[in-house]
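**Student:** Whatever this is, show me its structure:
(chains A and B)
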Amino acid sequence: MTIYRFLVRFKYPDPRSAGFLADARALGFAALQRLECQDLYFIEGQLSAGEAQQLALKLLTDPVTQTASWEAQSAEGELLAVEVAYRPGVTDPVAHETLRAARELGFEGVQHTATGLRFLLDGLDQAQAEKLTRQLLANPVIQHWAMGQISPSFPEETESSGEVEIIPLRDESEAGLLALSQNRRAALDLPEMQAMQAYFRREGRDPTDVEFEMFAQTWSEHCVHKTFKALVEVREERIVNGQNQILTSHLDSIIKTYLKAATDAIAAPWVRSAFVDNAGIVDFDEEFEISFKAETHNHPSAVEPFGGANTGVGGVIRDILGVSAKPIANTDVLCFGPQNLVPAHVPEGVLHPRRIQSGVVAGVQDYGNKIGIPTVNGAILYDDGYTANPLVFCGCVGIAPKGLHHKDPRPGDRIIILGGRTGRDGLRGATFSSMTMDAQTGEVSGASVQIGDPITEKGLIDVITRARDLALYSDITDCGAGGLSSAVGEMTSQRGGEVELKAVRLKYPGLAPWEIWLSEAQERMVLAVPPQNLPALQTLCDTFNTELTDIGAVTDTGRIRITYGGETVLDLENEFLHNGIPQRRLVAALPAAEQETNGQKMRQDEQTLTPAIFASQLYALLSSPNIASKAPVIRLYDHEVQGACAVKPLTGIEMDAPSDAAVLKPMGVRGSRGIVLSNGINPEYGKRDSYKMAWAVIDEAIRNAVAVGADPQRIALLDNFCWGDPTRPETMGSLVQAARGCYDAALFFQAPFISGKDSLNNEYLGADGLRHSIPPTLLISALGMVEDVSAAVTMDFKAPGSDLYIVGDFQPLFGGSQLAKLRPDWNLGADPLPSLSPHTPQVYRALHQAIRAGLVLAAHDLSEGGLAVTAAEMCIGGRMGAALKFGERDEALRVLFGETTGCLLVEVAPQHRRAFLDFFADLPFTWVGKTASHPHLDVTLYGAPVLHASLDEILQAFAPPSP
Amino acid sequence: MPPKTLILQAYGTNRDDDVAEALTLAGALPCEVPLNELRAGKQRFADFDMLVLPGGFSYADALGAGKLLALDLTSYFAEEIAAFVASGKPVLGICNGFQALVKAGILPGDLPASPEEDAITLTFNACGHFECRWVHLAPVSQTCLWTRDLPDTIFCPVSHGEGNFQASLNSRLAALAANDQIALTYIRPDGSPANGEYPHNPNGSLLDIAGICNPQGNVLGLMPHPENHIHPWQHPLHTRGEHGGLGLALFQRAVASGK
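**Tutor:** Residues are numbered from 1 along each chain as shown, chains lettered A, B, ... in the order given. Below is the predicted model of the structure:
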């Protein structure tokens, strides 16, 4: 069969080539003079000359901007060429659509299509070009490349033998069991392997590979959360009567003891579902309910940033579909290594943080924008600790009419796959995410990462929301980590089920039965459908170009049985499969309590600090990566699709200031009510004290929501824990402390958790033999309600001459602060971390009442960078200045840059001062000054100027114009 | 009778519900129709009073935004759409719908049969990436039934990566201007022309073109999303007491034109 090669190039310098060139320069390839990126299309089959010409001109080229050639090209002149193409089996929607369109044009001879990129590199020698290709242009996880011309690869046409391997397990020694677990990358420990061994001894046979893999998946950390359900021996060092003693206690399951316990204790009547389904669900109004879920996709994003983040977004959207809801908003919180890291300092086997960020952001953008879900809230954080282990938190919110989501599969219901086909994608992703990565991970786990196909998933939304309204299905679950094994396993866990694997539609032949069962191919949902409803569901699927595959039935046997061509390849007892995992036993060593220094003494002599020094600290903070504007990234995401955004991620006169939270009025709801989405995260605290971190980030998430008008008594939370290896007692200790903080803070605010997720083993064994671990990181996502989206409040100053108040107990400290991180030479870190004032819930309630009464012009939380940064951001939003005044007791550096919890800066019109303060009669607040028409942020201390920062310089620092 | 409006749902359309809400508010009767139902003959273009091609990423933007939807329009519906356009009924393509109308040759509507020499396109933004931001638009064309007599400027978001209006011939630009086919242009907040300056002109479009119409004026294509500014609380500065510039006006204008 002939392979035709089409090359499409721009007639003029194009933005994509410019982007690659800029990235290459940033990686240190200064000699690169010119880079031109061209598109390659490979078509296998028979084409007449006329058909080839028509394909090139009608389909593959834009007549205004591009030219095409379709004969073999030799490298041009002196330039080096590198060509990059996908590995076989990697999702390639462009190739797929090209094939479909060629047939639509009537070219029946086209058999296969593939795409690629050709890079012309001017100024590099061969060795440099190869290095650049590895560092930027190609990722071996999903692509192959060649200097000169590449040969495209098409999926091999091999028949599956259907062969099933029997794994001799019953007679294995302990060492043999562990070796087996490791060789098959099962990530099961000895007690788990022994439990499986005992089961098969009882069954009187050895397992098939399908059965072994299903156990590895069902019992994986990712799917069963064994660390969070473990029996933990907690050791605490205490000084009793001057002597060190170890106190030991036991904790039976972090989830039960702390997270679910908090929700149970709060017993909020508006929580409809917590911790049981794919996502947590709360009431919206009489008619609708809102669901919310956040997931992580850290390990995949480390090895293939675009695909990892892309499928992370796709995965959490399916969680929302899994509760029969229409997805209406995405959230994304991203943690990366420093973008300016010297390339030589990047550990072996790790991608440069700059490449990780650009790939992850592009992956989030691609999926969310294409599927048509607005990305409305998030954060980007930078720390050395995330260099090898980036964190990618993807959240999704859904809305559904009440009473239409069911999970009650009945015997005889058909088990249906909707959506994409099954390939060798993401095999063992569930266990992959449960292991520490090493320098080889990128190579051996290649199959664990895929690229998403958002348009196929859009079809799932269209079909499932309609099928729900027509009550066509009795159960629904997403196909995520663990693939069919996990989804069908869960669906049949109560009653039983039978599946014929040969019925599963494949992207390409050649998959072994266990691969079909475990494949994590994206964009699939599994439904249980009463047989009489199948024709109606098929009609919906035909209308929305979605494939429907009937693979089996729900039974009442209490077992799951899988066949391949009629031969049984798996037959397991549900009770043991789902409940037989031995409870993991772990040891937690609690960190010694931080010495409470009074924190008032620091190296830096206050007397030597001049206004110029204060101003330069402010500008340095505003331009530091953790605080500087994220607008260039935010604008890559569509936050307007679905028309719901009443408070957008960027706000203020020039729409370039950071909102505290997003406010959405979902399309189709009656009245004026809306939802609020916000988050809290602070790894600086995690490094010091995970208990206080939990308090601080729960407070931050709630405070952000309250700032825009959310009712503090109607806030639901999601927890996402990202930690290191829990088998290390210190790591487990900090995890236990954080969970305890979650419990205490949730009760304090009466804010229940409705869902949560953990990602452990975020560690990296470098080629240097050292462990690289992330800072313990807890993301809290908050879902609140506003009664009237038109009355929401934004953080931009509204009018000169308003009064400014700090509400809350303003006790700034440098512990964990951004200034302490920025100025290690000032030795500020000796301060403790802030503790939350007991008045905080009342303060938030009072502020909420003041907002409801229309008395608040602007509100913004005091967070990273302290009061000065908060005020500067509000000045940016309103394009006006402010004059702040403090008294003699205050220490200027601390007032300006110390950090607090529980405080907001609030703008109030002078005529509303009295009414506003009535709400704060017995609560802590401080009048700190007034907004001003002049473009300066001025601060005086007892009359003496300590800061005089111009709005221009503030803007220049916070959001420098792009070059 | 509210005009019955066909909202075409292609594979990857995603602002269909947004535009349906805008049409409802404007007094039309929106009907979301999957492309496959038109192909199967279950619905017919001729049975509708207006046609809207909404925004989205039809066929994932493979081979260029709107390209493969345009192929569908020309492969399956060429005659029906030609008849619909010729009947003078209002047709609107927003964002991806605009891209498809252009790449199918329905806009500007009078190109030569062989497009190699004289073509227009919507290509990659000059800034090099997708961007979501609010823009100000001036309704220009008095021929276009969607923009004729619109009293105010429109304030609404753009959200695209390929919205840069380019033409292979300067004479084509001159003809668009001369025929009053430049329907909407990007302007500064004060109403003066953007003159190509980013971000007021967000994508580098020639002549600040945000939307064009066919010579008859019944077919409008535009990159920005007027359907995402139909409620006062969607205005980015509503918390500052600002309002106005509703994109709803455009839909109301088209509905009124049929009366």
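
**Student:** State the number of residues packed around residue 182.
**Tutor:** By default, I'm working from chain A. Neighbours of A:Gln182 under the rule other C-beta atoms under 10 Å in any protein chain shown: 12. C-beta: built from backbone N, CA, C; applies to glycine.

**Student:** that's the wrong chain, I meant chain B
**Tutor:** 25.

**Student:** got it, and A:Gly19?
**Tutor:** Neighbour tally, A:Gly19, other C-beta under 10 Å: 15.

**Student:** Is chain B within reach of the helix or strand harbouring it?
**Tutor:** In this structure, A:Gly19 is located in helix A:15-26 according to DSSP states H and E. Yes: Helix A:15-26 reaches chain B (C-beta under 8 Å from any C-beta of the partner chain) through A:15-16, A:18-19.

**Student:** Narrow the residues you listed to just the buried residues.
**Tutor:** Among the residues of helix A:15-26 next to chain B, the ones that count as buried by 16 or more other C-beta atoms under 10 Å in any protein chain shown are A:15-16.

**Student:** Go through the residues of helix A:15-26 next to chain B and say which is closest to chain B.
**Tutor:** Nearest to chain B, judged by C-beta to the nearest C-beta, of the residues of helix A:15-26 next to chain B is A:Pro15 at 3.3 Å.

**Student:** how close does the closest one sit to B:Cys127?
**Tutor:** For A:Pro15, the distance to B:Cys127 (C-beta to C-beta, to the nearest Å) stands at 7 Å.

**Student:** Let me see the contact set for the residue in the stretch 351-500 of chain A that chain B sits nearest to.
**Tutor:** When scored by C-beta to the nearest C-beta, the stretch 351-500 of chain A has A:Gly372 as its residue closest to chain B, at 2.5 Å. Contact partners of A:Gly372, counting by C-beta atoms under 8 Å, 6 or more residues apart in numbering or on different chains, are A:458, A:638, A:641-642, B:14-15, B:56-57.

**Student:** Just the ones of the residues you listed in helices?
**Tutor:** A:Lys458 (DSSP state H).

**Student:** and stretch B:133-145, average pLDDT?
**Tutor:** Mean pLDDT, stretch B:133-145: 97.

**Student:** so how far is it from its chain's centroid?
**Tutor:** Stretch B:133-145 sits 10 Å away from the centroid of its parent chain (C-alpha atoms, centre = their mean, to the nearest Å).

**Student:** for that stretch, how far is the first residue from the last?
**Tutor:** 26 Å (C-alpha to C-alpha, to the nearest Å).

**Student:** and the residue nearest the centre of chain A, which of the three is it?
**Tutor:** The centre of chain A sits closest to A:Phe393, judged by C-alpha atoms, centre = their mean, with a distance of 1.8 Å. The three-state label for A:Phe393, taken from DSSP: H, G, I helix; E, B strand; the rest coil, comes out as strand.

**Student:** mind checking pLDDT for the closest residue to it other than its chain neighbours?
**Tutor:** Leaving aside its chain neighbours, A:Phe393 sits nearest to A:Val333 (4.1 Å; criterion: C-beta to C-beta, 6 or more residues apart in numbering or on different chains). Predicted confidence (pLDDT) for A:Val333: 98.

**Student:** and A:Val333, bridged to which residues?
**Tutor:** A:Ala379, A:Phe393 (DSSP bridges).

**Student:** how near is it to A:Glu520?
**Tutor:** Taking C-beta to C-beta, one finds A:Val333 at 23 Å from A:Glu520.

**Student:** Over to A:Cys645?
**Tutor:** 33 Å.

**Student:** Looking at those two, which is more packed in?
**Tutor:** Higher neighbour count among A:Cys645 and A:Glu520: A:Glu520, with 31 against 25, using other C-beta under 10 Å.

**Student:** didn't that one look like it was pressed against A:Thr422?
**Tutor:** No: the criterion here is C-beta atoms under 8 Å, and A:Glu520 misses it with A:Thr422 at 9.4 Å.

**Student:** Mutual contacts of these two, please.
**Tutor:** Contacts common to A:Glu520 and A:Thr422, judged by C-beta under 8 Å, 6+ apart, are A:Gly483.

**Student:** what's near enough to touch A:Ile876?
**Tutor:** Contacts for A:Ile876 (C-beta under 8 Å, 6+ apart) come out as A:652, A:656-657, A:796, A:951, A:954-955, A:958-959.

**Student:** Quick check: buried residues in the top helix by length along chain A?
**Tutor:** Under DSSP H, the helix in chain A containing the largest number of residues is helix A:729-749. Across helix A:729-749, burial judged by 16+ other C-beta under 10 Å covers A:729, A:731-746, A:748-749.

**Student:** for the host helix or strand of A:Leu783, which positions count as buried?
**Tutor:** In this assignment (DSSP H and E), A:Leu783 forms part of strand A:777-786. By 16+ other C-beta under 10 Å, the buried positions in strand A:777-786 come out as A:777-786.

**Student:** what does stretch A:528-542 give?
**Tutor:** A:528-530, A:533, A:537, A:540-542.

**Student:** Those residues also near chain B: which ones?
**Tutor:** Counting by C-beta under 8 Å from any C-beta, the members of the buried residues of stretch A:528-542 near chain B are A:Asp542.

**Student:** Among the buried residues of stretch A:528-542, which one lies nearest to A:Thr311?
**Tutor:** A:Cys541 (22.5 Å; C-beta to C-beta).

**Student:** Can you give me the distance of the closest one to A:Glu547?
**Tutor:** Distance from A:Cys541 to A:Glu547, by C-beta to C-beta: 7 Å.

**Student:** One more: A:His860?
**Tutor:** From A:His860 to A:Glu547 the distance is 49 Å (C-beta to C-beta).

**Student:** same check, this time on A:Arg202
**Tutor:** 40 Å.

**Student:** Many thanks, have a good one.
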